[in-house]
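Enquirer: sequence and predicted model, in that order:
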Amino acid sequence: MSKEAQQRMEKIVSLCKRRGFIFQSSEIYGGLNGFWDYGPMGAELKRNLRDTWWQTMTRDRDDVVGLDASIIMHPTVWTASGHVDTFSDPMSTCKHCKKLVRSDQWWAMMAEQNWTQSIAELIEPGTNRFQPAVLLKWGKGKGKQLAPNLALVRNPDVTISWVAEEIEKGRGPADATELYKFLATEQMAITGLVTPCPHCGGELTAPRPFNLMFRSHYGPVESEDNICYLRPETAQAIFVQFKNVLDSSRVKVPFGIAQIGKAFRNEITPRNYTFRSREFEQMELEFFIRPDDAVCLIHGHVEKWREGADLSAPNPAWGWEMWHRYWVDQRTKYYDSVGLGTDVLDYHWQKPEELAHYARATVDILFKFPFGTEELEGIAARGDFDLSQHQKFSGKQLEVFDEELKAAAEKLSNEQKKEFIDELFEDRKCADTTREEIAAYADKLFKGFYLPHVIEPSAGLDRMALAVLAAAFDEETVTDEKGKAETRTVLRLHPRIAPVKCAIFPLLKNRPELVAKAREVEASLRRHMNIFYDEAGAIGRRYRRQDEIGTPFCVTVDFDTIGENGPEKVDTVTLRHRDSMQQERIPIAELRARLEAAIF
RNA sequence: GCGGGCAUAGUUUAGUGGUAAAACUCCAGCCUUCCAAGCUGGCUAUGAGGGUUCGAUUCCCUCUGCCCGCUCCA
């Protein structure tokens, strides 16, 4: 992070605390790493963001419904989803270079290292046999650069002699993996062979479990039988309740289920302010679509993505690629509507090797934070992975019945059906699937049944709140009439999401007529939007205070309002705009409509 | 979890082995006819715990938190 970026970040953090956006959790007790609280302004901001997401994703559409599931679910949910396995990776630390190594990736990392490849060249191909003198020479020469902390390098003679001794006694390395462990061990100790650090050859500690899920127990007695987890993502509840929603909501594929809620992860390193927290809020949509094979049966073809394709409205013939692109487009429009335009966003199309095991394609929408360009939302095409896992683990049928599909299939001759199966088999040849499996799957399709595939736009609410704050933060130099320059700090938040929509001031507080009129204006607006009344200090100071919390409008009641300067201006007020600091005079009667037009 | 740096008021910064200083902010009052004006008064700090000492904010240890790097990020 550059120095300027760091200073900018510090100013944002400071403003957030000073003005009541974000506080450290449990601050008076010294704080708690990875947890944050939202103050009065932050609570409003977050609520506004949450509301705009919900409005856009569910209420504005007729094909998405909502869900609000419990945070703690049946523990098997997390076995089915794969979280129990992937969230508890054992890790080792190198005693010499202090780097962390995931145990399950150790061998893969080893294979990529220069020093292991260099040793491999000295071994008789296909065996573990080697000339001790050759390795000795390597340890005293080349190895010094490549693996400085390997036993073979630090103490070549001793290491080689005991390894040779072991081999003589028939207790030598059984395979390549073990060979490297032998070469990393100076003397056989009670603890056994040393596992070398892939980076430097040094000694790795024994693997220690890393539990990335928060664990608890349901019921008052703690035992192995009632372990449960705080959900690490909200998505799984949607899959788990998929059938109930389908049966109770009269929705038909394609349709989506949206959910906003807290999720918990024991992050190894919570960093960058609220960006990576251990407790955070997600806004997720699971949008269920027909598998491409079903689309093909119904429409005779599948519309695939091509550059410049029309994404404005869903088309029944769309395949998953089109739906994926469609949601990327929808989400981009949403971000723009809350003030995050493509100038501050970035996109990362994950490469095949980066994809999670369940994903066919993933796009990350990133925001240019001061501390780096980081992920706000991931939009994954997940296939039917989750539903099929839950179907398998729960033993419950989660397939949907599609009337249109059945009708389309009924029109096919047996010959056409066989052709369809042949084509499927041809397509999946590399996918390790037997012809019987393909035929069974096709048979279900012909009867109108399938597991829907899913497109998952998954956004982080806290990250988004931080992003809009970072994007809105601005300092500008303003010069007063006397020529004195000073810095104006202003949050240029989109009016839709600003915590306070409008502040109401009497020009002076020691004139009861002004105060009374301002209170009247306040009362007329309070029911319709979040407003703030202030009469303390000079008017300019009050404006600047509102600038700092991003209030888009200020209304001032002055002597014109109460008729002191003639009848034509009675009941008009000044409306002051945050970004331009321009003022205009408008009748109180028009105030509400003017504000609402800008805010909603 | 590892390594390095840091910790004094809301913020930014002084300072000391012997009563902790200032500016801005904030609050109250006065004043004030539109952009952080002025005057008066006020609140608020040595991150927590232990040790050395007659006495520790200062020296030592432990913990916590923050920043940077490693690592992780479905």
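Expert: Structure received. These numbers come from a predicted model, not from an experiment.
Enquirer: find the closest residue to RNA strand B in chain A.
Expert: residue A:540 (2.2 Å; CB to the nearest atom of the strand). Yep, even glycine has a C-beta here, placed from its N, CA and C like the rest.
Enquirer: my guess is that residue is in a strand, correct?
Expert: No: read with DSSP: H, G, I helix; E, B strand; the rest coil, residue A:540 is helix and lies in no strand.
Enquirer: where does it land on pLDDT?
Expert: pLDDT, residue A:540: 93.
Enquirer: state the number of residues packed around it.
Expert: 9 (other CB atoms under 10 Å).
Enquirer: from residue A:582, how far off is it?
Expert: As judged by CB to CB, to the nearest Å, residue A:540 and residue A:582 stand 15 Å apart.
Enquirer: got the phi and psi for the nearest residue to residue A:546 once chain neighbours are set aside?
Expert: Nearest non-adjacent residue to residue A:546, counting by CB to CB, 6 or more residues apart in numbering: residue A:503, 4.8 Å away. With angles defined as degrees, to the nearest 10, residue A:503 sits at phi -110, psi 140.
Enquirer: tell me the bridge partners for residue A:503.
Expert: residue A:532, residue A:554 (DSSP bridges).
Enquirer: helix or strand with the lowest mean pLDDT in chain A?
Expert: Ranked by mean pLDDT, DSSP states H and E, the weakest helix or strand in chain A is strand A:208-209, scoring a mean of 64.
Enquirer: roughly how far out does the helix or strand hosting residue A:117 sit from the chain middle?
Expert: Here residue A:117, judged by DSSP states H and E, is contained in helix A:114-120. Counting by CA atoms, centre = their mean, to the nearest Å, helix A:114-120 is centred 38 Å from the centre of its parent chain.
Enquirer: just the CA coordinates of that helix, formatted as PDB?
Expert: Provided in PDB are the C-alpha atoms of helix A:114-120 (Å, rounded to 0.1, in the frame of the first residue of the first chain):
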ATOM      1  CA  ASN A 114      13.700 -25.900  -7.700                       C
ATOM      2  CA  TRP A 115      15.500 -27.800  -5.000                       C
ATOM      3  CA  THR A 116      13.400 -30.900  -5.200                       C
ATOM      4  CA  GLN A 117      13.600 -31.000  -9.000                       C
ATOM      5  CA  SER A 118      17.300 -30.500  -8.700                       C
ATOM      6  CA  ILE A 119      17.600 -33.600  -6.400                       C
ATOM      7  CA  ALA A 120      15.200 -35.600  -8.600                       C
END
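Enquirer: show the subsequent helix or strand relative to that helix.
Expert: Toward the C-terminus, helix A:114-120 is succeeded by helix A:132-140 as the next helix or strand (DSSP H and E).
Enquirer: contacting residues around that following helix?
Expert: The contact list for helix A:132-140 (CB atoms under 8 Å, 6 or more residues apart in numbering) reads A:118-119, A:122, A:150, A:152-153, A:156-157, A:159-160, A:163-164, A:183.
Enquirer: show me what counts as buried in it.
Expert: For helix A:132-140, a neighbour-count test (16 or more other CB atoms under 10 Å) marks A:135, A:136, A:138, A:139 as buried.
Enquirer: so for it, mean pLDDT?
Expert: Here the average pLDDT along helix A:132-140 is 84.
Enquirer: check stretch A:317-327 too.
Expert: Mean predicted lDDT for stretch A:317-327 stands at 96.
Enquirer: from one end of stretch A:404-424 to the other, what's the distance?
Expert: 20 Å (CA to CA, to the nearest Å).
Enquirer: stretch A:230-238 too?
Expert: End to end - CA to CA - stretch A:230-238 spans 15 Å.
Enquirer: and what of stretch A:115-128?
Expert: Here stretch A:115-128 reaches across 16 Å from its first residue to its last, counting by CA to CA.
Enquirer: same check on stretch A:564-578?
Expert: 27 Å.
Enquirer: follow-up on the earlier one: which helices and strands does the helix holding residue A:117 pack with?
Expert: helix A:132-140, helix A:143-146, helix A:176-183 (3 or more CB pairs under 8 Å, 6 or more residues apart in numbering; DSSP states H and E).
Enquirer: and the angle from the longest one to helix A:176-183?
Expert: An angle of 70 degrees separates the directions of helix A:132-140 and helix A:176-183 when computed by axes from the mean of the first three to the mean of the last three CA atoms, to 10 degrees.
Enquirer: how about the contacts made by residue A:381?
Expert: Listed by CB under 8 Å, 6+ apart, the contact set of residue A:381 reads A:320, A:321, A:323, A:324, A:359, A:360, A:361, A:362, A:453, A:454, A:455, A:456.
Enquirer: flag every buried residue along stretch A:9-18.
Expert: By neighbour count with 16+ other CB under 10 Å, stretch A:9-18 contains the buried residues A:9, A:12, A:13, A:15, A:16.
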